[in-house]
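Asks: need the 3D shape of this:
(chains A, B, C and D)
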Protein chains: 4
Amino acid sequence: MPGVDCGAVHNRWDTGRTEAFSDGVFAFAITLLVLDINVPLSEFNHLWHGIAHQWPAYLGYATSFLTVGGIWMVHHGIFRRVQYANRRVMNINLLLLMAVAFLPFPTRLVAEAIRHTEAERAAVIFYGGSLLVISLLYSALWRAVTSDRSLLKPDVSATEVDAIARATTPNLAFYLAVILLALIAPK
Amino acid sequence: MPGVDCGAVHNRWDTGRTEAFSDGVFAFAITLLVLDINVPLSEFNHLWHGIAHQWPAYLGYATSFLTVGGIWMVHHGIFRRVQYANRRVMNINLLLLMAVAFLPFPTRLVAEAIRHTEAERAAVIFYGGSLLVISLLYSALWRAVTSDRSLLKPDVSATEVDAIARATTPNLAFYLAVILLALIAPK
Amino acid sequence: MPGVDCGAVHNRWDTGRTEAFSDGVFAFAITLLVLDINVPLSEFNHLWHGIAHQWPAYLGYATSFLTVGGIWMVHHGIFRRVQYANRRVMNINLLLLMAVAFLPFPTRLVAEAIRHTEAERAAVIFYGGSLLVISLLYSALWRAVTSDRSLLKPDVSATEVDAIARATTPNLAFYLAVILLALIAPK
Amino acid sequence: MPGVDCGAVHNRWDTGRTEAFSDGVFAFAITLLVLDINVPLSEFNHLWHGIAHQWPAYLGYATSFLTVGGIWMVHHGIFRRVQYANRRVMNINLLLLMAVAFLPFPTRLVAEAIRHTEAERAAVIFYGGSLLVISLLYSALWRAVTSDRSLLKPDVSATEVDAIARATTPNLAFYLAVILLALIAPK
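Replies: You can find the predicted model right below:
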């Protein structure tokens, strides 16, 4: 909203409400895929078969749930060490939430592409790319938090700061490898 | 999210945010079925009849709401005795939320199967199986919480621990009985 | 969930999590109707006309939002005077949430019935009936809260208890009048 | 809900639950647009092309997310300076949430109008008008909060009050300019 910057008056925010708002977005994003699971009425004559036939949707649901759940735990792991947020942390967190709430879309693509072999590779790369963006944003978030030591809770040790910095960095290599693999591999 | 394990730095989590996140998932899962209730425009000439004709959808909505509401109360009953969560508790809780957010799907199947007699048995067994999974996960959650006494609040007595352990165990027999019944019974 | 009753071990619950869960259900129910607002692509050649033509959907959205918002304020008004909940309060609250999350359905019926004159009366009575149920549940909730004085916060005066009891009771007459009016009135 | 006014007994409300409820509405409104992003199955033979072809939906999603995110930050910026809310603040906040939860609709119109040139102008003006309403409501909210100094937290300085008043006012000119521009400009 251009022209309104109430935060700038003093640039330090308690994190309680940011966590609550983020939790709402995570909770919505994580449950959304259940809407895609459905057995068409035409398959009710053989319902067990109809239920079994939906396995790509279950796979998509479970993958998405565990992925977003894991992403939420990282979010929790970061923010429980944070005392105050500044404008930069707030902005990166918003971009991160935008990427997380977007995940149901590539997940659905992957689930649907399982039955369209030509589309599989594109869908998997697109999904991997979305996870890569989330990874990069976590890395940026932790750098933003640690660049001003007063934002961290006093009891967070330097060892912990380094451990989390290391934990959020190497994903880059990991996801690039996955994407490369998907590009090269047949199937 | 592979490679990121911020929690491992010290394996003890406050439960406030886990409860907030879980509440979001529960709230979403519990209200989702209202989206399935609809009177087609073609029945607006006899709206009372059209409203009445939707009774399986109301039944599905009410059943799902009370079931998920009851499951939420058990969740609340467990977590208000918990002081800290460890990684194992967090993971089991995530699986539990995945099973809860999945419930709208089998509920919808049961509601739709009421008008397709061949499908009824399969739908009820599938629904019962989903509840059974939730039961087993609650049992695992309570075992995980009580296996490390320091995770519990200090004022939780050994009697209480046993009472809840008993309360979360016998469901296995109950649900297996329901499923067996559905398998044997005609209709 | 039959057989599990963790709350019964001691029958006194903090209200923080109940409020958070209720807020999630309210927030979902209140925003749901925006999904029903849509201009069909065929009207994009005359978009202003297309936007204007959707007025029953706006009316439904605004009515529902203000109604659910008002209901939320009553909920807030009750629970900020409550210190602990017992099993009976929890159960009535769950029924209340079930009725609130159901409201988007009768609201949509009213919005759609505006263009089907035969259906209008039925839709309005159904909507009024839904509000009546919510009213009765609030009345029951306040009676449950005040029947055990130790559930209330110590600073709530007897005058306040009576004022809220009065405020939640007379709705019965009001809603019955509305429904009777809708039954008698032409149009 | 007519006839029930529990708040009137004493007209002063803690803001914790209002923030939680608002966060739920914001979280739902901000993630809703991901439901509009979809690649039709007919484009799965050329999935990259199909993904690229959805760019207006991505644009709508990103615009809406950042806009609602910015609006949330202003909300947070106001309420973290508020100690108590009165009935007037509660009502304005409810209207504000109604306008925020409405935003997915004009956003979707703009995204769809990108491919219908005649409709573009109307869609942009409608979207700008919605933002203008939100701006005006923020202005009214801050006036309501500051008209009773006891509602503000004690440590909020007069300078801060003025700075926020200034920050929430000039939007009027800005949005009117945008709307005028859209009316005059070709395309």
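Asks: pLDDT weak spots in chain A?
Replies: Along chain A, segments meeting pLDDT under 70 span A:1-11, A:170-175, A:177-179, A:181-187.
Asks: make it 80
Replies: A:1-12, A:41, A:115-118, A:167-187 (pLDDT under 80).
Asks: could you pick out the longest helix of it?
Replies: When chain A is scanned for its longest helix (criterion: DSSP state H), the result is helix A:117-146.
Asks: who are the packing partners of it?
Replies: Contacts defined by 3 or more Cβ pairs under 8 Å, 6 or more residues apart in numbering or on different chains; DSSP states H and E place helix A:117-146 against helix A:55-79, helix A:87-102, helix A:104-113, helix A:158-168, helix A:171-184, helix D:47-53. Where you see a C-beta, it was placed from the backbone N, CA and C, and this is true even at glycine.
Asks: go ahead and produce CSV holding the CA coordinates of stretch A:103-116.
Replies: Taking Å, rounded to 0.1, in the frame of the first residue of the first chain, the C-alpha atoms of stretch A:103-116 are listed here in CSV:
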residue,chain,number,x,y,z
LEU,A,103,3.3,-24.4,-3.7
PRO,A,104,-0.2,-26.1,-4.1
PHE,A,105,-0.1,-25.1,-7.7
PRO,A,106,3.2,-26.9,-8.8
THR,A,107,2.2,-29.8,-6.5
ARG,A,108,-1.0,-30.2,-8.4
LEU,A,109,0.9,-30.0,-11.7
VAL,A,110,3.1,-32.9,-10.6
ALA,A,111,0.2,-35.0,-9.4
GLU,A,112,-1.6,-34.5,-12.7
ALA,A,113,1.5,-34.9,-14.8
ILE,A,114,2.0,-38.5,-13.5
ARG,A,115,-0.6,-39.6,-16.1
HIS,A,116,0.9,-37.4,-19.0
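Asks: that one near chain B at all?
Replies: No. Counting by Cβ under 8 Å from any Cβ of the partner chain, chain B has no neighbours in stretch A:103-116; the shortest distance is 11.2 Å.
Asks: report the secondary structure state of A:Arg115.
Replies: Recorded secondary structure, A:Arg115: coil (DSSP: H, G, I helix; E, B strand; the rest coil).
Asks: got the phi and psi for it?
Replies: Main-chain dihedrals, A:Arg115, degrees, to the nearest 10: phi -100, psi 0.
Asks: for the residue of chain A most remote from its centre, what are phi and psi?
Replies: Centroid-distance maximum for chain A: A:Asn45 at 38.6 Å, with Cα atoms, centre = their mean. Here the main-chain torsion angles of A:Asn45 (degrees, to the nearest 10) amount to phi -70, psi -30.
Asks: what about the nearest residue to it once chain neighbours are set aside, how many residues nearby?
Replies: Closest residue in space to A:Asn45, ignoring its immediate chain neighbours: B:Glu118 at 5.8 Å, by Cβ to Cβ, 6 or more residues apart in numbering or on different chains. Neighbour count of B:Glu118, defined by other Cβ atoms under 10 Å in any protein chain shown: 11.
Asks: from chain C, how far off is B:Glu118?
Replies: When distance is defined by Cβ to the nearest Cβ, to the nearest Å, B:Glu118 is 28 Å away from chain C.
Asks: which residues touch that residue?
Replies: Counting by Cβ atoms under 8 Å, 6 or more residues apart in numbering or on different chains, B:Glu118 makes contact with A:44-45, A:47.
Asks: which among those residues gets closest to chain D?
Replies: Nearest to chain D among those: A:Phe44, at 22.1 Å, using Cβ to the nearest Cβ.
Asks: what about the closest one, neighbour count?
Replies: Using other Cβ under 10 Å, A:Phe44 has 20 other residues around it.
Asks: before we move on, what about A:Phe28?
Replies: Counted with other Cβ under 10 Å, residues neighbouring A:Phe28 total 25.
Asks: now whichever strand or helix holds it: buried residues?
Replies: Following DSSP states H and E, one finds A:Phe28 within helix A:16-31. Buried residues in helix A:16-31, counting neighbours by 16 or more other Cβ atoms under 10 Å in any protein chain shown, are found at A:17-31.
Asks: quick one: contacts for the residue lying closest to A:Val161 once chain neighbours are set aside?
Replies: With Cβ to Cβ, 6+ apart as the criterion, A:Val161 has its nearest non-adjacent residue at 5.5 Å, and that residue is A:Thr146. A:Thr146 makes contact with A:152, A:161, A:165 under the criterion Cβ under 8 Å, 6+ apart.
Asks: columns neighbour count on top of the residues you listed, output as JSON lines?
Replies: Formatted as JSON lines, those follow (neighbours: other Cβ atoms under 10 Å in any protein chain shown):
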{"residue": "A:Leu152", "neighbour count": "17"}
{"residue": "A:Val161", "neighbour count": "17"}
{"residue": "A:Ala165", "neighbour count": "13"}
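Asks: for C:Leu180, state which of the residues you listed is nearest.
Replies: Nearest to C:Leu180 out of these is A:Leu152 (Cβ to Cβ; 64.1 Å).
Asks: I'd guessed the closest one sits against A:Arg80; true?
Replies: No. Using Cβ atoms under 8 Å, A:Leu152 is not in contact with A:Arg80, being 10.8 Å away.
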